[in-house]
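Visitor: the following comprises the amino acid sequence and a computationally predicted model.
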Amino acid sequence: MKRMLCLCILFFAAVCQSFSFGSETLDTCNEFGGITVEYTFIPLEPQYESLCKMQVFYDDSDSKRKEVYYLSEKQQDEKGILTQTNVYNKGKIEEYRIQLTENEAAKKGVSILIEKVDEADAVYAYGYSDGYVTAYSSADSFVSDYPLYSLNYIEKQMLPPATSTGKKAVYRLSAKFKKARTFVRFFPEASEMTSDDRELVSKYTLFLNDPDKAELYNKKYQVESGGKVYTVYVQDSLIPYLTSPYLTEDGACLLAYGTIGYNDKLYLIATEFSEIQ
């Protein structure tokens, strides 16, 4: 994400040298107590149509606190990104943000991606927000490698339309969706896993070529995401943390999990979660 933002900054600087642009003061007392200036330009050549405008936010001492780059419609469609933002503190960038388009947010289950950086511009934390809650994971956490998908999107990709249940049982596994992360809300009650549940987890861990991990799972919960309820199998080591303050009062978290389809239903195998902050 940083690389993309840096390219946008360099691109904007190059365009400003080659093309005329307009500027206006949008606000004289913004969230930082200073002015907000907007720069708008219209490229003369189609290939330069990557950014349509930029806004710079200053504080009451005229220090730059935030830059927001607005991508062109073409770039929005291609990259799934509406805006890219640099957040400054004492003259240095401390945070990068990307706001996704509506379609991309529906696919990923999040609307904002965040990178927090130290004074050397090294990422130390990743953040994710669905517009209501935000969760963070450290840069060296294994869950940072889990892609973000909404469960509704995964279902559409992995499961066929509902068919007759008269056919024999069908298990569905996907290399693309073998691991993912989604905001969910846990219901508090747990149940013991049945032999059918254990068969599902066993097939998933065998798919990962790590069958011994199936022994770590003995309980199942119900979670809600996108207005639908799913069954999730939870390893014993996570169960003590499925309560406040690790989860919110209504059981929300950013869950990292594996997936397996059984006939026309999707099941989750939990591996870790990130707390809401």
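Guide: Alright, I've got the coordinates.

Visitor: low pLDDT regions in the stretch 1-150 of the chain?
Guide: In the predicted model, the stretch 1-150 of the chain carries pLDDT under 70 at residues 1-21, 42-49.

Visitor: which residue ranges of the stretch 1-150 of the chain form helices?
Guide: 2-18, 73-79, 102-108 (DSSP state H, counting those that start in this stretch).

Visitor: for the second one, buried residues please.
Guide: Going back to what we said before, that points to helix 73-79. By 16 or more other CB atoms under 10 Å, the buried positions in helix 73-79 come out as 75-76, 79. (Each C-beta comes from the backbone N, C-alpha and C, glycine too.)

Visitor: redo the residues you listed as TSV? Include distance to Leu216.
Guide: Below are these laid out as TSV (distance: CB to CB, whole Å):
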residue	distance to Leu216
Gln75	44
Gln76	43
Lys79	39
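
Visitor: so which of these is the closest to Leu238?
Guide: Nearest to Leu238 among the buried residues of helix 73-79: Lys79, at 34.7 Å, using CB to CB.

Visitor: now the closest one: closest residue in space that isn't a chain neighbour?
Guide: Spatial nearest neighbour of Lys79, excluding adjacent residues (CB to CB, 6 or more residues apart in numbering): Leu71 at 6.8 Å.

Visitor: the one you found: how many residues sit nearby?
Guide: 24 (other CB atoms under 10 Å).

Visitor: over to the one 10 residues further on?
Guide: Taking other CB under 10 Å as the neighbour definition, Ile81 ends up with a count of 21.

Visitor: in the sheet, who's paired with it?
Guide: Assessed by DSSP bridges, Ile81 has beta-bridge partners Leu100.

Visitor: ok, now which ones touch it?
Guide: The contact partners of Ile81, by CB atoms under 8 Å, 6 or more residues apart in numbering, come to 71, 75, 98-101, 104.

Visitor: same check on Phe187?
Guide: 221-224, 229, 251.

Visitor: for Tyr233, same thing?
Guide: By CB under 8 Å, 6+ apart, the neighbours of Tyr233 are 193, 197, 200-201, 217, 219-220, 267-270.

Visitor: could you say which helix or strand contains it?
Guide: strand 228-235 (DSSP states H and E).

Visitor: quick one: buried residues of that strand?
Guide: Using 16+ other CB under 10 Å as the test for burial, strand 228-235 gives 230-235.

Visitor: okay if I get those as a markdown table plus pLDDT and distance to Tyr58?
Guide: As requested, these are exported to a markdown table (pLDDT from 0 to 100; distance: CB to CB, whole Å):
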| residue | pLDDT | distance to Tyr58 |
| --- | --- | --- |
| Tyr230 | 98 | 46 |
| Thr231 | 98 | 51 |
| Val232 | 98 | 46 |
| Tyr233 | 98 | 51 |
| Val234 | 97 | 48 |
| Gln235 | 95 | 49 |
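
Visitor: my read: the residue nearest to Lys79 touches Thr83, true?
Guide: Yes: counting by CB atoms under 8 Å, Leu71 does reach Thr83; the two are 7.0 Å apart.

Visitor: point out where the stretch 151-277 of the chain drops to low pLDDT.
Guide: 162-167.

Visitor: that one: strands as residue ranges?
Guide: For the stretch 151-277 of the chain, the strands defined by DSSP state E, counting those that start in this stretch occupy 171-172, 180-186, 191-192, 217-225, 228-235, 252-262, 265-274.

Visitor: those strands: which one's closest to Tyr126?
Guide: Smallest distance to Tyr126 across those (CB to CB): 9.2 Å, for strand 265-274.

Visitor: the closest one vs strand 217-225, what angle?
Guide: Interaxial angle, strand 265-274 versus strand 217-225 (axes from the mean of the first three to the mean of the last three CA atoms, to 10 degrees): 100 degrees.
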